[in-house]
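Visitor: Turn this into a structure:
(chains A and B)
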Protein chains: 2
Amino acid sequence: MEVIKSNSELKVWRASARGDTALVPTMGSFHNGHLSLIQRARQRADTVIVSLFVNPTQFGHGEDLETYPRDLERDAALAEERGANCLFAPPVHEMYGRLHATYVYWPELGSRLCGETRPNHFQGVATIVLKLFNLVRPDLAVFGRKDGQQVLLIQRLVADLNLDIRIVVSPTVREPDGLAMSSRNINLTKSERSQALGLYAALRACKERILRGEWASESLVGTMHEALGQFPGLRPEYVEIVDRDSLCSVESVDTNVMVAAAGGVGSTRLIDNLWTYEMEGAIGVEL
Amino acid sequence: MEVIKSNSELKVWRASARGDTALVPTMGSFHNGHLSLIQRARQRADTVIVSLFVNPTQFGHGEDLETYPRDLERDAALAEERGANCLFAPPVHEMYGRLHATYVYWPELGSRLCGETRPNHFQGVATIVLKLFNLVRPDLAVFGRKDGQQVLLIQRLVADLNLDIRIVVSPTVREPDGLAMSSRNINLTKSERSQALGLYAALRACKERILRGEWASESLVGTMHEALGQFPGLRPEYVEIVDRDSLCSVESVDTNVMVAAAGGVGSTRLIDNLWTYEMEGAIGVEL
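Guide: Model (predicted):
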């Protein structure tokens, strides 16, 4: 596996890559969720490029840019083990020149859900992802469903900006007790860890009620708030049931919604979600 | 010359285009300025694609989107005459789907100069130009220097978003008396037409003083306002001397500035500019 740190080297390497190329954009600090994305890319493409870049423009003031976990050597070894052909890990100045002034954003969709408390977050995500798309020119790119709003917005970006890239959405990988894997989980103390499970508990309760035929959003959100009430150490930020195209709240669940929840435990912010889909004429649920 | 109206047809056509491909993005209503862009593209590339799209997202409320001049048949004949291989003229719904939500912008640079009175104009420009770049995948794209801020921002976009496209800046084409050609000039009445010359008169006066060694911006801006005073029918909007990278005002002229002016005559808004450059160790001026 090649480790590349500059755009010019990447260009040379890319020109020699064969067959379909998959990009897996990451901020490093790999857990099994990231590794499942790399494995999925490995299954779907001839060449797999993993990018590792802790993107400063998607962190807000007071957020954890400085303390975000970083371990390039460990990440490189893990990426290679799962079959990556290239790890692209540029320094910040390579991605953002002194005069950088161009940004990509979703004026409406980027201010919903997580965007309400993280006003420039998705603008930073869109900008770095588009830069990576243009540098790597992948045939497909793999994102985790755990960052649900992010992957929906990236699908929107690809369609709106006429990019010829297939977006592959990979299922959320969970700890044995259901906690969605996140690089930020290592910041949780033992007592925080037990409270962090609240989001999963709420979504599981929601899933069970949907599968039993309850589709009214108000009732389902009520169920989730009840479940969250069992986790007093978790400060709920939002619990919403939205259409996956518009990200607007819906009155009742159909086969194209995301049920998304976010909350804080200690100084750690956590998110989780479920998606519905059509399954033999009925509503299926992916948690 | 092929006339193409859908993205899918364009994709097929593009795949068969040979050699270097140049894109000339336009809003139609061709005058000699546009035709000089097409000719320049013809000289620099094997295949020339002219796009013609009156882009609604770059017009503000109360601006002239509805009355913007349109004449596809005449434009197609002129483009073919100058050697275009393809005219891409999609309808609005082909470029902006119902769910379109992604935009490109320059939070700082896009609100300077013309952006002060046209708050979403450059966001619309950036978004449509990036869409066209992604659809056409040109090796180079030709823009007129007359829309000076636009071409500087597009150069910024290409660098910032890591696009592999060469931006060719083509000189401003003028009427015999110096008025910069613009599709909006046809809206001028005879008396307005004589007042419209004010921007050119001011820039010519500025050019003369620069070439005689006056580099202090304050003094040069004073000269331009004096010249504009001779044209009482022209309402000056701005007269600024800015660095071409930062678009920030500079105290004195060097070899990398744009002197830009905008004003209104009747209901028509006009812009014009000059660029300085290095010429044998001295400051040269392109008006």
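
Visitor: Now do the closest residue to A:Asp139 other than its chain neighbours, the pLDDT please.
Guide: Sequence neighbours aside, A:Asp20 is the residue nearest to A:Asp139 in space, at 4.5 Å (criterion: CB to CB, 6 or more residues apart in numbering or on different chains). (Each C-beta comes from the backbone N, C-alpha and C, glycine too.) What the model reports as pLDDT for A:Asp20 is 97.

Visitor: need the contact list for A:Asp20.
Guide: A:Arg44, A:Ala45, A:Asp46, A:Thr47, A:Asp139, A:Leu140 (CB atoms under 8 Å, 6 or more residues apart in numbering or on different chains).

Visitor: Take those and keep only those in helices.
Guide: Among the contacts of A:Asp20, DSSP state H puts A:Arg44 in helices.

Visitor: three-state assignment of A:Pro176?
Guide: coil (DSSP: H, G, I helix; E, B strand; the rest coil).

Visitor: actually A:Leu37, sorry about that
Guide: helix.

Visitor: From the contacts of A:Asp20, list the buried ones, please.
Guide: Buried by 16 or more other CB atoms under 10 Å in any protein chain shown: A:Ala45, A:Thr47, A:Asp139, A:Leu140, out of the contacts of A:Asp20.

Visitor: For the closest residue to chain B within the stretch 1-150 of chain A, which non-adjacent residue is spatially closest?
Guide: Relative to chain B, the nearest point of the stretch 1-150 of chain A is A:Thr102 (3.7 Å; CB to the nearest CB). Nearest residue to A:Thr102, sequence neighbours excluded (CB to CB, 6+ apart): B:Asp160, at 3.7 Å.

Visitor: Strands along the stretch 101-250 of chain A, start to end?
Guide: Assigned by DSSP state E, counting those that start in this stretch, the strands in the stretch 101-250 of chain A fall at A:103-105, A:140-144, A:166-170, A:234-243.

Visitor: Pick the most deeply packed of those strands.
Guide: Counting by mean count of other CB atoms under 10 Å in any protein chain shown, strand A:103-105 has the highest mean neighbour count of the strands of the stretch 101-250 of chain A, with a mean of 26.

Visitor: near chain B, which residues of the stretch 1-150 of chain A show up?
Guide: By the rule CB under 8 Å from any CB of the partner chain, the part of the stretch 1-150 of chain A lying against chain B is A:7, A:97, A:99-109, A:126-127, A:130-131, A:134-135.

Visitor: before we move on, back to that, let me know the closest of the contacts of A:Asp20 to B:Met27.
Guide: Of all the contacts of A:Asp20, B:Met27 sits closest to A:Asp139, with 33.1 Å by CB to CB.

Visitor: which one's the longest helix in chain A?
Guide: helix A:121-136.

Visitor: Can you list the low-confidence ranges for chain A?
Guide: For chain A, no stretch has pLDDT under 70.

Visitor: okay, now the domains of it?
Guide: A:2-170, A:183-277 (automatic domain parsing).

Visitor: Out of those domains, which gets nearest to B:Asn187?
Guide: Of the domains of chain A, nearest to B:Asn187 by CB to CB is domain A:2-170, at 30.9 Å.

Visitor: A:Arg166 against A:Phe133, yeah?
Guide: No: under the criterion of CB atoms under 8 Å, A:Arg166 is not in contact with A:Phe133, lying 11.6 Å apart.

Visitor: residues from the stretch 151-287 of chain A in reach of chain B?
Guide: A:Leu153, A:Arg156, A:Leu157, A:Ala159, A:Asp160, A:Leu161, A:Asn162, A:Leu163, A:Asp164, A:Asp245, A:Ser246.

Visitor: most centrally placed residue in chain A?
Guide: The centroid of chain A falls nearest to A:Asp147 when counting by CA atoms, centre = their mean (2.7 Å).

Visitor: surely that residue meets A:Ile271?
Guide: Yes: here A:Asp147 reaches A:Ile271: they are 7.2 Å apart, a contact under CB under 8 Å.

Visitor: Extract the CA atoms of stretch A:246-263 and return them as PDB.
Guide: C-alpha atoms of stretch A:246-263 as PDB (Å, rounded to 0.1, in the frame of the first residue of the first chain):
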ATOM      1  CA  SER A 246     -35.900  16.800   1.500                       C
ATOM      2  CA  LEU A 247     -34.700  16.300   5.100                       C
ATOM      3  CA  CYS A 248     -38.100  17.800   6.100                       C
ATOM      4  CA  SER A 249     -40.000  16.400   9.000                       C
ATOM      5  CA  VAL A 250     -42.800  14.000   8.000                       C
ATOM      6  CA  GLU A 251     -46.000  13.300   9.800                       C
ATOM      7  CA  SER A 252     -45.800   9.600   9.200                       C
ATOM      8  CA  VAL A 253     -43.200   7.000   8.300                       C
ATOM      9  CA  ASP A 254     -43.000   5.700   4.800                       C
ATOM     10  CA  THR A 255     -40.200   3.700   3.100                       C
ATOM     11  CA  ASN A 256     -37.900   6.700   2.500                       C
ATOM     12  CA  VAL A 257     -37.400   8.200   6.000                       C
ATOM     13  CA  MET A 258     -34.500   8.700   8.300                       C
ATOM     14  CA  VAL A 259     -35.200   8.700  12.100                       C
ATOM     15  CA  ALA A 260     -32.200  10.600  13.400                       C
ATOM     16  CA  ALA A 261     -31.100  11.400  17.000                       C
ATOM     17  CA  ALA A 262     -28.300  13.300  18.500                       C
ATOM     18  CA  GLY A 263     -27.300  14.000  22.100                       C
END
